[in-house]
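> The sequence and its predicted three-dimensional model are supplied below.
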Amino acid sequence: MNTDFSYYYNNVPGKGLCRNNLIYTSLISKDKKTFCQWFYNDEGYHGGHNQVVDPELMDEKFRREYEGLFYMHDHGYGDLIPNFHVDLNEKKIYLEIDGPDIWELAGCEGNDYSQVVPDFDDQMLRIMQAHKDIGLFKYSLHPSSYFLVDGKLKSMNYFFTYIEGKDAPISLRSVMSHISEDRQADLFPKMESSGIDVDAPTPHKEIQQLAFDSFKTNFSDDLMEKAKELYVQTS
């Protein structure tokens, strides 16, 4: 490991230091100006709770992450993601940031981030509108997926993202390794009430709405309802 970097955790009240991500290994530079997504199953970081152990799946997640970042950049929304550099050999993506993610900055609890970013909802909706406009379905919405640069929200964690018209429907069972046990417990009742079969291929538009409902535990109901509305509007 590069000695300029160390493991990056979130300090969650009542739980202590928790992995920042369930799939890749999260690293941060000592000056807190660079975040590194290391798509490697590092036992020292995951500590026996490794979610993705299949090397081919890890490679797919790495590819989806950098393709998603390039997709945002190439479609005119580079200002909504951090500046980044991809190391294909090391399977690392380096992102320029200004300190910890917004969840950490907010104390890793609650769903109000206005003390971190006064116009948080507006900035989040701009990111989600961009995703909708260029046909992205992004299911990794946890607040640890967003960093600040010069007071502006920057989005990452595109490893769990699909492109409209390119990616076929998926079954939710096939991606359970991407989803924490706590969120799974919340998702299954929501799937049942929405008539979604966990083993059946499901249109991405339906999964996106399900994701917005699930993340009401981390964001306000009002914000998630506005995000849902974006995806039912006609282009």
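Looks like it arrived, so ask away. Residues are numbered from 1 along each chain as shown.
> Going by C-alpha atoms from here, please, whenever you check contacts or count neighbours.
Fine.
> Helix, strand or coil: sort out P118 for me.
Reducing the assignment at P118 to three states with DSSP: H, G, I helix; E, B strand; the rest coil gives coil.
> What separation do you get for it and K216?
When CA to CA, to the nearest Å is the yardstick, P118 and K216 sit 19 Å from each other.
> Only the buried residues of the lowest-mean-pLDDT helix or strand in the chain, if you could.
Taking mean pLDDT, DSSP states H and E as the measure, the helices and strands of the chain show their lowest mean at helix 181-194, namely a mean of 74. Neighbour counts using 16 or more other CA atoms under 10 Å place L187, K190, M191 of helix 181-194 among the buried residues.
> got TSV for the residues you listed, with distance to Y9 too?
Supplementary listing: these in TSV, determined by distance: CA to CA, whole Å:
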residue	distance to Y9
L187	25
K190	29
M191	30
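> Give me the longest helix you can find in the protein.
Ranked by number of residues, the top helix in the chain under DSSP state H is helix 55-72.
> List the contacts of it.
Surrounding helix 55-72, the residues in contact under the criterion CA atoms under 8 Å, 6 or more residues apart in numbering are 23-24, 39-40, 52, 78, 80-81, 86, 91, 93, 156-161.
> Give me the distance between the closest residue to I170 other than its chain neighbours and D167.
Closest residue to I170 in three dimensions, ignoring its sequence neighbours and counting by CA to CA, 6 or more residues apart in numbering: P201, at 4.6 Å. In this view, P201 and D167 are 12 Å apart by CA to CA.
> Please identify which of these two sits among more neighbours.
More neighbours sit around P201 than around the other of P201 and D167, counting by other CA atoms under 10 Å; the figures are 15 against 12.
> So that one versus F137, what's the distance?
With CA to CA as the criterion, P201 and F137 are 15 Å apart.
> now S220
On the measure of CA to CA, S220 and F137 end up 20 Å apart.
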